[in-house]
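In: have a look at this fold, sequence not included:
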């Protein structure tokens with residue numbers, strides 16, 4: 001069973017020696033065939049559970065599943081939600097037959113949320129099956145359960161999101177996305193510039209620090225003092241002889257935002273965006289030593305910084321499929337956001353109809369979030385009138401004609417185009 005940070009899909013009969021004990025199991029027991037997970041005894045009830053059930057099972061079969069959860073896994077099932085199906089229901093009072101509270105409501109999802117908030121269970125166990133609950137609906141249930149901070153388990157899966165610690169000692173913001181090339185770094189730098197008074201007409205409000213994470217990050221958190229005058233464009237190529245990738249996001253942020261930045265590494269990413277491993281917690285502790293009064297945490301790809309922040313800005317590329325917003329565990333990202341920004345909202349990346357379809361999907365998932373639509377354009381940080389400019393970008397190749405058409409006019413300069421460059425994030 002592969003167990004790491006983030007979502008773990010864990011067939012319980014395939015655990016490897018040395019892995020953490022699953023909830024509801026004593027631990028690993030060696031046999032002639034390898035290691036197996038040894039269930040708790042009948043009296044070792046350790047955790048509270050809510051069950052998801054359907055009417056395609058006879059009530060006494062469902063009761064057998066609930067009894068098994070108690071005896072084998074140590075789960076005290078205190079309530080259940082009837083997800084649908086009537087074929088094998090007898091018409092008798094289901095709560096009396098099962099001996100627990102059963103919610104049979106027009107909206108099982110809302111009923112599930114209400115029960116979770118009432119009982120605060122450790123886990124929701126899924127005893128339902130096709131045809132009442134298919135793959136898509138099961139992911140919808142997973143989103144609802146995980147959004148409440150509760151584990152979600154079934155016959156051959158185990159979904160869990162580790163609780164993110166609040167490490168910043170000052171106000172904090174996360175800038176995350178649904179994937180690569182959606183503008184996370186651009187927004188992180190812009191927010192820092194704006195809130196530090198470098199974008200008119202906003203006056204200085206904060207002294208921010210940006211904490212980044214990436215798949216090409218340094219072994220230990222690396223501080224770049226972008227607020228000091230020695231950070232120049234020449235600083236970036238000077239890093240190459242030292243073996244440092246000059247495309248790291250915290251280098252770019254330091255140069256563009258002129259604020260302190262801290263670069264961290266991360267490896268892997270789960271269904272809900274949790275990295276398998278990262279140095280972000282160490283980066284947060286380093287940020288706490290600086291004289292900054294706002295921490296901005298940037299995501300990497302579709303992965304989220306594994307820390308709790310006061311607010312969240314989510315960038316969604318308009319070229320992304322609707323499934324990344326509404327399908328699988330994509331809605332979890334949207335639910336967390338206070339502000340959703342649809343980026344690259346122009347052709348050829350996305351048609352007006354596609355942009356509106358994404359906006360409608362965001363509103364369905366999180367009607368409380370603010371929503372904005374944007375496009376990106378190059379903006380010089382100093383006067384380049386009459387100069388020859390090299391523009392190297394990680395923008396999508398579809399954007400090249402847009403940039404070429406507007407670049408010379410905006411920069412008042414001639415330009416030398418370069419191929420799209422790879423990014424370490």
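Out: Thanks, I have the structure now. None of these values were measured; they are calculated from a predicted model.
In: helices of the chain, residue ranges please.
Out: Assigned by DSSP state H, the helices in the chain fall at 59-73, 94-98, 108-119, 135-147, 184-195, 235-238, 249-257, 280-287, 323-326, 330-336, 352-365, 400-411.
In: and the angle for the fourth one with helix 108-119?
Out: It stands for helix 135-147. What separates the directions of helix 135-147 and helix 108-119 is an angle of 20 degrees, with axes from the mean of the first three to the mean of the last three C-alpha atoms, to 10 degrees.
In: quick one, what contacts the residue nearest the centre of the chain?
Out: Most central in the chain under C-alpha atoms, centre = their mean is residue 273, positioned 3.5 Å from the mean C-alpha point. Residues in contact with residue 273 (C-beta atoms under 8 Å, 6 or more residues apart in numbering) are 6, 176, 299, 302, 303, 304, 332, 333. C-beta coordinates here come from the backbone N, C-alpha and C atoms, glycine included.
In: state the distance from the fourth one to residue 387.
Out: Using C-beta to C-beta, to the nearest Å, one gets 37 Å for the distance from residue 302 to residue 387.
In: out of the two, which sits in the busier spot?
Out: A count of neighbours by other C-beta atoms under 10 Å puts residue 302 above the other of residue 302 and residue 387, at 19 against 13.
In: most neighbours among the contacts of residue 273, please name it.
Out: Neighbour max across the contacts of residue 273 (other C-beta under 10 Å) = residue 299, 32 neighbours.
In: in space, what's closest to it - neighbours in sequence excluded?
Out: In this structure, residue 299 finds its nearest non-sequential neighbour in residue 176, 3.5 Å apart by C-beta to C-beta, 6 or more residues apart in numbering.
In: my guess is that neighbour contacts residue 315, does it?
Out: Yes - counting by C-beta atoms under 8 Å, residue 176 does reach residue 315; the two are 7.3 Å apart.
In: where in the stretch 1-150 of the chain is pLDDT low?
Out: For the stretch 1-150 of the chain, the stretches flagged by pLDDT under 70 are 1-45.
In: am I right that residue 52 is in contact with residue 112?
Out: Yes - with contact defined as C-beta under 8 Å, residue 52 reaches residue 112; the gap is 7.4 Å.
In: circling back: export the helices of the chain to JSON lines and append columns for distance to residue 81.
Out: JSON lines is the format used below for the helices of the chain (distance: least, C-beta to C-beta, whole Å):
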{"stretch": "helix 59-73", "distance to residue 81": "12"}
{"stretch": "helix 94-98", "distance to residue 81": "11"}
{"stretch": "helix 108-119", "distance to residue 81": "5"}
{"stretch": "helix 135-147", "distance to residue 81": "9"}
{"stretch": "helix 184-195", "distance to residue 81": "37"}
{"stretch": "helix 235-238", "distance to residue 81": "55"}
{"stretch": "helix 249-257", "distance to residue 81": "43"}
{"stretch": "helix 280-287", "distance to residue 81": "36"}
{"stretch": "helix 323-326", "distance to residue 81": "22"}
{"stretch": "helix 330-336", "distance to residue 81": "19"}
{"stretch": "helix 352-365", "distance to residue 81": "21"}
{"stretch": "helix 400-411", "distance to residue 81": "49"}
